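Q: Mind looking at a prediction? Sequence and model below.
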Amino acid sequence: MNILGPSSADTMFHEAARARYDVAVCMYHDQALIPLKTLDFAGGVNITLGLPFVRTSPDHGTAFDIAGRGVADPMSMIAALEMAQTLAKVRTAKKGTVNGQS
């Protein structure tokens, strides 16, 4: 594993910089979500680390302004659920348990 950084959030997300890494770990919500939404609004996933359970969320907000109208794009939610499933499988394989249950 080759780890670079720390890097400045205002320079690490342009195309040439992104070619140097596969993952960006950011300390603050705005540091990560603004560029993520700009680069891949429909497919971005927010992952919260350091919790005793898997936690992912779509990169968009609640979108109350379009709720119930049938116009929302589900791709970010689908991506978040798929990522949660992948992370849960990895977690289970490493620990042999889910939520303390064998």
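A: It's in.

Q: for the protein, what spans make up the helices?
A: Listed in chain order, the helices found in the chain under DSSP state H are 15-18, 29-40, 75-95.

Q: Return the helix or strand in the chain with minimum mean pLDDT.
A: When the helices and strands of the chain are scored by mean pLDDT, DSSP states H and E, helix 29-40 comes last with a mean of 83.

Q: next one: that one to chain centre, how far?
A: 10 Å (Cα atoms, centre = their mean, to the nearest Å).

Q: ok, back up a step: mind giving me CSV with the helices of the chain and columns for mean neighbour count and distance to L49?
A: Any C-beta I mention is one placed from the backbone N, CA and C, and that applies to glycine too. Putting the helices of the chain into CSV (neighbours: other Cβ atoms under 10 Å; distance: least, Cβ to Cβ, whole Å) gives the following:
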stretch, mean neighbour count, distance to L49
helix 15-18, 10, 20
helix 29-40, 14, 12
helix 75-95, 14, 10
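
Q: Between the ones you listed, which one is closest to T62.
A: Taking Cβ to Cβ as the criterion, T62 comes closest to helix 75-95 out of the helices of the chain, the separation being 11.4 Å.

Q: shaky segments in this structure?
A: Low-confidence regions of the chain, defined here as pLDDT under 70, cover residues 96-102.

Q: State the distance from A84 to V45.
A: 9 Å (Cβ to Cβ, to the nearest Å).

Q: ok, so what distance separates M27 from G50?
A: Distance check for M27 against G50: by Cβ to Cβ, it reads 11 Å.

Q: Between those two, which has more neighbouring residues?
A: In this comparison of M27 against G50, neighbours counted by other Cβ atoms under 10 Å, the higher total goes to M27 at 8 against 5.

Q: Look up phi and psi at that one.
A: The phi and psi torsions at M27 (degrees, to the nearest 10) take the values phi -80, psi -30.

Q: Next, count neighbours for A9.
A: With neighbours defined by other Cβ under 10 Å, the count for A9 comes to 16.

Q: Cool, thanks, talk later.
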